[in-house]
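Colleague: Provide a 3D model corresponding to the input given below.
(one chain, ligands or ions: 1)
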Amino acid sequence: MNAEHGPSFTRRAHPAPVAADARAAMLEDPGFGRVFTDHMATIRWTQQHGWRDAEIRPREPFVLDPAAAVLHYAQEIFEGLKAYRLSDGGVALFRPEQNARRFRASAERLAMPALPEATFLRSIEKLIETDVAWVPGGDGSLYLRPFMFASEPFLGVRPAAEYLYVVIASPVGAYFKGGKKAVTVWLSDDYTRAAPGGTGAAKCGGNYAASLVAQAEAMKHGCDQVVFLDAAERKWVEELGGMNVFLVFDDGSLQTPPLGGTILPGVTRDAILTLARDEGRTVREERFSYEQWKADAARGKVREAFACGTAAVVTSIGEIRAAEGGFVIGDGGGGPVAEALRAKLVGIQRGDVADAHGWVRRVL
Ligand code: COI
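Modeller: Got it, this is the predicted structure:
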């Protein structure tokens with residue numbers, strides 16, 4: 001381990017990678033999160049030796065002791081970012097240093113060792129170089145999923161003394177089936193996602209586990225996602241199960257709940273705030289209640305709402321369903337502001353729109 005540059009990666013090639021014609025068939029309509037590339041990156045951490053054994057190696061199941069701490073106490077964090085095929089054939093990442101920084105922050109919150117940001121970036125770039133044939137063209141992208149978990153076999157409740165950091169890669173299309181124009185969202189009455197002082201701002205598996213019963217309820221009601229209210233007053237809109245949320249008003253302004261420790265600081269959320277300000281729009285990071293959202297939608301003050309995240313990009317919210325009714329936003333089919341912001345963001349990510357903020361990091 002070199003303190004400044006982190007460990008260097010050894011490369012072990014897959015003995016039987018997926019054949020080119022089979023890969024092409026898998027890339028045709030990969031959906032989200034079901035197809036995986038041939039390799040993965042791994043680095044081990046032990047209290048005694050720190051980070052070592054950095055490898056790009058064949059993707060395969062792990063051997064994990066049944067007492068591994070993650071299986072009992074959920075000490076796990078992850079990230080999500082995409083590699084895009086540029087119009088000139090190259091490959092680029094979008095603000096990966098933001099993911100590296102958030103991964104560090106998540107590690108700190110979950111009492112895990114901090115992976116140097118340069119090592120995080122290198123692990124991703126090395127994996128992309130190795131599996132570059134899996135980066136789709138067209139509307140697709142290669143979704144990178146870095147994660148880290150407590151691998152120490154020990155049942156005592158304390159931060160583990162051994163961890164495994166891993167990156168896997170998955171060619172993806174749209175997150176919502178069929179690339180829906182607008183999604184329907186269920187208001188969760190019974191469950192909250194994160195409380196003050198909790199882990200809401202960290203990207204840890206536990207947050208998503210805690211959201212699943214509400215997500216299942218949403219699906220039972222024909223909805224795509226769940227929207228959570230704050231845990232203290234059960235009044236203020238916080239975020240969706242896996243995405244941040246924005247409203248668009250009749251004067252062209254945008255509003256999104258402020259980051260206050262219970263909301264995930266989304267990279268896409270931050271990019272949308274910047275792009276909207278660039279366009280001269282007023283942007284407010286201020287909380288809004290569900291009741292206000294409903295009233296403003298009814299009188300046409302709220303014209304659009306959208307979800308945003310790495311996986312979902314920018315997806316309009318057409319309808320809210322709730323135990324006591326719900327409401328439709330605009331004509332329920334999405335709106336022009338969300339569509340234009342999505343087009344601009346995707347254009348920057350693919351190298352077709354000027355990258356005024358230096359967000360695109362070319363890999364190949
Ligand atoms: C992402 O947008 O990358 C996430 O991690 C959220 C998840 C719903 C896929």
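Colleague: How about P58: what's its closest non-neighbour residue?
Modeller: H14 (4.1 Å; Cβ to Cβ, 6 or more residues apart in numbering). Any C-beta I mention is one placed from the backbone N, CA and C, and that applies to glycine too.
Colleague: Figure out the helix or strand that the one you found lives in.
Modeller: Per DSSP states H and E, H14 falls between elements, in no helix or strand.
Colleague: Model confidence score at it, please.
Modeller: H14 is assigned a predicted lDDT (pLDDT) of 98.
Colleague: how about the residue of the stretch 201-350 of the chain at minimum distance from the ligand, phi and psi?
Modeller: In the stretch 201-350 of the chain, the residue that lies nearest the ligand is G242 (2.6 Å; Cβ to the nearest ligand atom). Main-chain torsions, G242, degrees, to the nearest 10: phi -140, psi 30.
Colleague: Just to check, it is in contact with Y208?
Modeller: Yes. If you go by Cβ atoms under 8 Å, G242 and Y208 touch, sitting 6.9 Å apart.
Colleague: So for those two, which sits in the more crowded spot?
Modeller: Neighbours were tallied for G242 and for Y208 using other Cβ atoms under 10 Å; the higher tally belongs to G242 (20 against 15).
Colleague: beta partners of the residue lying closest to the more buried one once chain neighbours are set aside?
Modeller: Excluding its sequence neighbours, the residue lying closest to G242 (Cβ to Cβ, 6+ apart) is G309, at 6.2 Å. Per DSSP bridges, the residues bridged to G309 are V313.
Colleague: Check the contact between G309 and P265; I expect there is one.
Modeller: No. Taking Cβ under 8 Å as the definition, G309 is not a contact partner of P265, at 11.5 Å.
Colleague: more neighbours, the two?
Modeller: G309 (21 against 16).
Colleague: Contact partners for the more buried one?
Modeller: Contacts for G309 (Cβ atoms under 8 Å, 6 or more residues apart in numbering) come out as 80, 175, 242-244, 266, 268-269.
Colleague: Next, give me the two most distant ones among the residues you listed.
Modeller: Taking Cβ to Cβ as the measure, the contacts of G309 span a maximum distance of 15.5 Å, between Y175 and R269.
Colleague: Enumerate the residues of the stretch 51-200 of the chain near the ligand.
Modeller: G80 (Cβ under 6 Å from any ligand atom).
Colleague: got the residue ranges for the helices in the stretch 51-200 of the chain?
Modeller: Assigned by DSSP state H, counting those that start in this stretch, the helices in the stretch 51-200 of the chain fall at 70-73, 96-109, 117-130.
Colleague: ok, and which of these has the densest surroundings?
Modeller: Among these, helix 117-130 has the highest mean neighbour count (mean count of other Cβ atoms under 10 Å), at a mean of 21.
Colleague: tilt between it and helix 96-109?
Modeller: 130 degrees (axes from the mean of the first three to the mean of the last three Cα atoms, to 10 degrees).
Colleague: residues of the longest helix along the chain that come out buried?
Modeller: Secondary structure of the chain per DSSP state H: the longest helix is helix 205-220. Counting neighbours by 16 or more other Cβ atoms under 10 Å, one finds that the buried residues in helix 205-220 are 205-207, 210-211, 214-215, 217-218.
Colleague: Packing partners of the strand or helix carrying K344?
Modeller: Using DSSP H and E, K344 maps to helix 336-349. The elements that helix 336-349 packs onto, with contact taken as 3 or more Cβ pairs under 8 Å, 6 or more residues apart in numbering; DSSP states H and E, are strand 91-94, strand 244-249, helix 267-278, strand 302-309, strand 313-322.
Colleague: Show residues contacting it.
Modeller: 82, 84, 92, 94, 141, 246, 248, 252, 254, 268, 271-272, 275-276, 303-304, 306, 313-316, 353-355, 359-360.
Colleague: For the residue lying farthest from the centre of the chain, what are phi and psi?
Modeller: Distance from the C-alpha centroid of the chain, by Cα atoms, centre = their mean, peaks at R299 (33.1 Å). Backbone geometry at R299, expressed as degrees, to the nearest 10, gives phi -100, psi 10.
Colleague: do you know how far it is from G334?
Modeller: Distance, R299 to G334, using Cβ to Cβ, to the nearest Å: 20 Å.
Colleague: what does Y290 give?
Modeller: On the measure of Cβ to Cβ, Y290 and G334 end up 20 Å apart.
Colleague: Also A83?
Modeller: Distance from A83 to G334, counting by Cβ to Cβ: 27 Å.
Colleague: ok, now Y143?
Modeller: 23 Å.
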